[in-house]
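Q: Sharing a model prediction with you, sequence too.
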Amino acid sequence: MGENFDPALVPSIFAPESAPAHSIFSLAAFVLAITGAIFIIVAGLLTYAVIRFRRRADDDGTEPAQIYGSGPVEAAWTIVPFLIVIVLTLTTARVIQEVQDARQPASALEVQVIGHQWWWEFRYPKLGIVTANELHVPMSQDKHPLPTFLDLRSADVVHSFWVPRLAGKTDLIPNKINSEWIQPERTGLFVGQCAKYCGTQHAKMLLRVYVETPEAFENWVKQQKQQAENNPAAAAGRLVFERTACINCHTISGTVANGRFGPDLTHLMSRVTLGSGALENSRESLRAWIKSPDKFKPGVLMPAMNLSDPDLDQLVAYLTTLK
């Protein structure tokens, strides 16, 4: 691992930093402790039997006395496993109820999560914001809980939303709405991805969750609500955008583009990656992506635009103004 490796970015279930993730981790640790104890006891008895009753040099070959049936032993191996199953069942049911039936407070942030092949669409209905691949939410505080409730949908096939440090996996199923909630306890970046095979580029359907202070989140909301600036220096590139098939798939506020098949590009350059984590977002990467997206994400639904170099340069110059 390189010098810039950040352990906090590892999508680990063993470092929960959100209320539902804590509950899931506690249940997993409890189950592991019980099953681990069972393994140690069984392995210990097996090891004892192998050593204690192994064949010895002075064995006369006679069969030892056989015992057929033992009420206490049979009762023990019936009652003890039954009690263990009951305890695990009740504990699991309690955690499921706690995670899945949580009440949504009035202060909760609502976000619609729509899974596409192979990217994420995030809609904030009450805020009028649409973005892609990067979910921004406020940090929750003990005195001021700020959970985020996610409305999970699919635009095509089955996907699965999973950010291990914040919550468990929840599937996005066509024609069905599932839900999930998170309540992050610290600011920072949390990474996740689709956890259900959804096609050739499933592995590159990554997502990033940015947890911010309430003040920083409000600033992000204000920035996202702004329309794309009409930069005179990029007018030629905007014209290229509006005259090509780009407007059929993408939306840019303040323009005629109102497509829903691809990500909203109104604030494209405020995002860290392109193609749901396929590339770092930069002028050079953006140019390469538009020229040949299939090179970086084989099977991607976005076609190569086949623009001339001058048109491509103008289009990229325009898109880089969308911050």
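A: Noted; the coordinates are in hand.

Q: Tell me if D151 really is in a helix.
A: No: counting by DSSP: H, G, I helix; E, B strand; the rest coil, D151 falls outside a helix, being strand.

Q: Contacts only, for it.
A: Residues in contact with D151 (CB atoms under 8 Å, 6 or more residues apart in numbering) are 110-113, 177, 179. Yep, even glycine has a C-beta here, placed from its N, CA and C like the rest.

Q: how distant is stretch 91-100 from the center of its chain?
A: Here stretch 91-100 shows a centroid-to-chain-centroid distance of 20 Å under the convention CA atoms, centre = their mean, to the nearest Å.

Q: separation between A288 and I79?
A: For A288, the distance to I79 equals 66 Å [CB to CB, to the nearest Å].

Q: Give me the more crowded residue out of the two.
A: A288 (16 against 10; other CB atoms under 10 Å).

Q: which other residues reach the strand or helix carrying the more buried one?
A: Taking DSSP states H and E as the criterion, A288 maps to helix 283-291. Residues outside helix 283-291 that contact it (CB under 8 Å, 6+ apart): 274-275, 278-279, 295-296, 304-305, 307, 312-313, 315-316, 319-320.

Q: Tell me how far D156 lies from Q201.
A: Distance of D156 to Q201, computed by CB to CB: 12 Å.

Q: Find the residues that touch each one of those two.
A: Joint contacts of D156 and Q201 (CB under 8 Å, 6+ apart) are Q117.

Q: More neighbours: which of those two?
A: Q201 (20 against 15).

Q: What about the closest residue to S18 other than its chain neighbours, how many residues nearby?
A: Nearest non-adjacent residue to S18, counting by CB to CB, 6 or more residues apart in numbering: L166, 4.1 Å away. Other residues near L166 number 26, with proximity taken as other CB under 10 Å.

Q: ok, now which ones touch L166?
A: 16-18, 20-21, 182, 184, 190, 192, 209.

Q: for A155, same thing?
A: A155 neighbours (CB under 8 Å, 6+ apart): 114-116, 121, 174.

Q: Closest to N231 out of those residues?
A: Distance to N231 across the contacts of A155 (CB to CB) is lowest for E121, with 25.7 Å.

Q: Could you give the bridge partners of that closest one?
A: I114, A132 (DSSP bridges).

Q: Model confidence for it, exactly?
A: In this model, E121 is scored at 95, pLDDT.

Q: Same question for E3.
A: At E3, pLDDT is 46.

Q: How about L46?
A: pLDDT recorded at L46 is 94.

Q: For it, what is the enclosing helix or strand?
A: Secondary structure from DSSP H and E places L46 in helix 19-52.

Q: Flag the shaky bits of this structure, pLDDT-wise.
A: Where the chain drops to pLDDT under 70, the residues are 1-8, 233.

Q: ok, the residue nearest the centre of it to A278 distance?
A: Centroid-nearest residue in the chain, with CA atoms, centre = their mean: W162, separated by 2.9 Å. Separation of W162 from A278 (CB to CB): 19 Å.

Q: Kindly report the same for A106.
A: A106 is 39 Å from A278, by CB to CB.

Q: Neighbour count for those two, which is higher?
A: Higher neighbour count among A106 and A278: A278, with 21 against 4, using other CB under 10 Å.

Q: Ramachandran coordinates for that one?
A: The phi and psi values for A278, taken as degrees, to the nearest 10, are phi -70, psi -30.

Q: Okay, it and P20: tell me how far apart.
A: 29 Å.

Q: hang on, Y210 is in a strand, isn't it?
A: Yes: assessed by three-state DSSP, Y210 belongs to a strand.

Q: Can you report how many residues lie near the closest residue to it other than its chain neighbours?
A: Excluding the flanking residues, the one nearest Y210 by CB to CB, 6+ apart is H136, at 4.8 Å. Using other CB under 10 Å, H136 is surrounded by 22 other residues.

Q: next one: L312
A: Per other CB under 10 Å, the neighbour tally for L312 reads 17.

Q: can you check G259 too?
A: Using other CB under 10 Å, G259 has 16 other residues around it.

Q: pretty sure it contacts T251?
A: Yes: assessed by CB atoms under 8 Å, G259 is found in contact with T251 at 5.8 Å.

Q: The residue lying farthest from the centre of the chain in helix, strand or coil?
A: Distance from the C-alpha centroid of the chain peaks at D60, with 65.1 Å (CA atoms, centre = their mean). Secondary structure for D60, judged by three-state DSSP, is coil.

Q: hmm, back to that, if I pick the residue nearest to Y210, what's in contact with it?
A: H136 neighbours (CB under 8 Å, 6+ apart): 209-210, 212, 217, 220.

Q: In the protein, mark out all the strands, start to finish.
A: Using DSSP state E, the strands of the chain run over 109-116, 119-124, 129-132, 134-138, 148-154, 159-162, 170-172, 178-182, 188-194, 206-212, 273-274, 279-280.
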